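Undergrad: Turn this into a model:
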Amino acid sequence: MNQPPIQTRALATEILYRLCTESVSLDHLFESHLKAVTGNREKAFVSDLCFGVVRWHPRLDFYLQQLLDKPIRQKNLKLRLLCWVGLYQIAYQRTADHGAVSATVNACDALSLQWAKAMVNAILRHFIRRQETIQQAADDNEVARYAHPAWLIQAIKTDWSDDWQAILEGNNQAPPMSLRINRRRTTRDEYARLLQEKSIEYREISACPQGLILESAYETGELPGFNEGLVSVQDGAAQLAAALLQAAPGHRVLDACAAPGGKTCHILEREPRLHSLLAVDIKNARLHKLRENLERLGLEAVIKTADVTQPDTWWDGEPFDRILVDAPCSATGVIRRHPDIKMLRQPADIDAIRTVQMNILDSLWPLLASDGKLLYVTCSIMRRENDEIIGNFLDQGQNVELDLIDQCPGTRTQYGCQILPGQQDLDGFYFARMKKIR
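TA: Down below sits the predicted model:
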C-alpha cells in the first residue's frame with residue numbers, strides 16, 4: 001500500500017505521549033490534534049496507529065523488551081512510543097516492512113530524536129528477523145498474550161472465572177458500528193431498505209427492536225438520513241436502557257449524568273408523551289453534544305449543567321417517576337471501543353469511583369416518587385461497581401426494593417443483568433432496577 005506522509009508517525013507518537021503524560025483520552029486528543037491533518041486517509045492512518053498501539057501496547061512492549069540490551073529510560077518515553085508505533089505497523093498493519101521501518105526512522109527528525117535513528121532502525125529490523133520467535137514467546141506471557149495490564153487481568157479473573165479469557169480476547173477486537181433507528185421518524189425495516197439502496201451491508205441486533213449493526217464502519221455523513229434524524233450511532237447494550245427504564249405517558253423523568261445524550265434521546269424517541277424529561281450533567285462542554293443530538297432528532301428536553309449529588313442547586317422539588325442513573329464507572333465493559341482505558345485506569349480508581357456511585361444513589365433516591373423506579377446503569381464488568389453497589393444500597397435503604405429485570409439478554413446476577421463484552425455483539429453493560437416503596 002502507498003505510504004502516508006511520514007509526519008503521521010510523529011503525530012501519532014505525540015498523541016500517545018500526551019495520553020501517557022496527561023491522562024487525556026484518545027477521543028479528546030483527536031479533537032485537538034487531528035485538526036491539522038487535512039486528508040481523510042491521513043486522519044484514518046493516525047487514528048489506526050493510536051488505537052492499535054494502545055490496544056496492543058502490553059504485547060508491543062514485550063516485543064520491545066526482547067529487542068533491547070537494556071530498557072529505555074522513562075525520560076525517553078517518546079522513543080519507546082515511537083518504537084511501539086513501528087512495531088505495530090510491522091506486526092498488525094499491511095504496511096510493507098521496509099516502508100514501516102523507513103518512515104518510522106524518519107519520524108525521529110520531527111520528534112527531535114535524531115540521535116536515536118540508528119537505534120530505531122536496528123530495533124525494527126531485528127524484530128522483522130526474529131518476529132516469529134518473539135511472538136511465540138509473547139504467547140507464553142499472560143500480560144503480552146492478552147494485552148492487558150496484570151492487575152486488570154487478575155480483577156477480571158476474580159469476577160468472571162469462567163469467562164475471563166473470552167472477555168480479554170473480546171476487548172481486543174474492533175467494535176462494530178451499531179445504529180439506533182429513530183422510531184418517531186421511520187422503522188427499522190424502512191431504514192434497512194435505505195441501507196440496501198446504498199449497498200450498505202447490515203444485520204439486525206436481536207436484543208434491540210430499533211438496532212442495526214453495519215458490517216463496515218462509515219462516516220455519519222454517509223449514512224442515509226443521518227442529518228435528517230432518522231438514525232443515531234449507539235451500541236446495542238446502551239439501547240437497552242430506555243426500555244428497561246419503563247417510562248410511560250405523563251411521567252416526569254430524570255436522566256442523571258446524561259451527556260452526550262444517547263440514552264436521553266432514546267427515551268424521548270420511545271415515549272413522546274412524557275410530562276417532561278430533565279437531563280443533567282456536570283460538564284457543560286459534554287452537554288453541547290446532547291443539545292446537537294436533540295436538535296438533529298427533533299426532540300426536546302430540559303437541560304441543566306449541575307452536580308447531581310447536590311440537588312438543592314437544581315431540583316424544583318417535584319418528584320420524578322423515573323430516574324436513569326448512568327453512573328460514572330471504570331468503563332471496563334467498553335475497552336474494545338476505548339482501548340485507552342487499559343492505560344488510563346488504575347487499581348485505586350475503583351474505590352474512588354464506588355464512592356461517587358454511592359453518593360449519586362444516596363442523593364437522587366429522595367427525588368424519586370412513591371412507586372417510582374430508578375434504573376442503575378454502568379458500562380463496567382466489575383462486580384464492585386455493580387452488584388455490590390446495588391446490594392449495599394438495598395441493605396441500607398428502608399423504602400427500596402429490587403425490581404427484578406425479567407428479560408436479561410446477558411448474564412443474570414444477584415441483583416441485575418450483566419452483559420459481557422461481545423455477547424450478542426453488544427458492549428459490556430450492567431443494569432439493575434429498584435422501586436421506591438412507602
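Undergrad: So which residues of the stretch 51-200 of the chain form strands?
TA: Taking DSSP state E, counting those that start in this stretch to define them, one finds strands in the stretch 51-200 of the chain at 177-181.
Undergrad: ok, now which ones touch P347?
TA: W151, A155 (Cβ atoms under 8 Å, 6 or more residues apart in numbering). C-betas here are computed from N, CA, C, even on glycine.
Undergrad: Tell me the secondary structure of it, please.
TA: Taken by DSSP: H, G, I helix; E, B strand; the rest coil, the conformation at P347 corresponds to coil.
Undergrad: I303 now?
TA: Under three-state DSSP, I303 comes out as strand.
Undergrad: how close does it get to G262?
TA: 14 Å (Cβ to Cβ, to the nearest Å).
Undergrad: likewise Q239?
TA: 8 Å.
Undergrad: cool, and L179?
TA: 11 Å.
Undergrad: looking only at pLDDT, what's the mean for stretch 29-44?
TA: Average pLDDT, stretch 29-44: 84.
Undergrad: what does stretch 370-382 give?
TA: Rounded mean pLDDT across stretch 370-382 is 98.
Undergrad: Please apply the same query to stretch 233-247.
TA: 97.
Undergrad: tell me which residues in it are buried?
TA: By neighbour count on 16 or more other Cβ atoms under 10 Å, the buried set for stretch 233-247 is 234-245, 247.
Undergrad: now stretch 170-178
TA: For stretch 170-178, by 16+ other Cβ under 10 Å, it's G170, N171, N172, P175, P176, M177, S178.
Undergrad: mind giving me the domain ranges of this structure?
TA: Under the assignment automatic domain parsing, the domains of the chain span 7-147, 177-233, 236-436.
Undergrad: deepest of those, which one?
TA: domain 236-436 (a mean of 19; mean count of other Cβ atoms under 10 Å).
Undergrad: who does the helix or strand hosting A237 touch, helix- and strand-wise?
TA: Here A237 sits within helix 236-245, counting by DSSP states H and E. Under the contact criterion of 3 or more Cβ pairs under 8 Å, 6 or more residues apart in numbering; DSSP states H and E, helix 236-245 touches strand 177-181, strand 211-214, helix 262-270, strand 320-326, strand 368-378, strand 429-436.
Undergrad: how close does the nearest residue to E201 once chain neighbours are set aside get to D425?
TA: Nearest residue to E201 in three dimensions, chain neighbours excluded: E215, at 3.9 Å (Cβ to Cβ, 6 or more residues apart in numbering). Going from E215 to D425 by Cβ to Cβ gives 11 Å.
Undergrad: show me where pLDDT drops low in the stretch 51-200 of the chain?
TA: Along the stretch 51-200 of the chain, no part satisfies pLDDT under 70.
Undergrad: okay, and the common contacts of Q239 and G262?
TA: By Cβ under 8 Å, 6+ apart, Q239 and G262 have these common neighbours: R180.
Undergrad: what's the spacing between stretch 236-252 and its chain's center?
TA: Counting by Cα atoms, centre = their mean, to the nearest Å, stretch 236-252 is centred 21 Å from the centre of its parent chain.
Undergrad: Show residues contacting whatever helix or strand V356 lives in.
TA: Here V356, judged by DSSP H and E, is contained in helix 349-364. Residues from elsewhere that reach helix 349-364 (Cβ under 8 Å, 6+ apart): 254, 256-257, 308-311, 323, 325, 327-330, 374, 376, 378, 382, 384-385, 388-389, 392-393.
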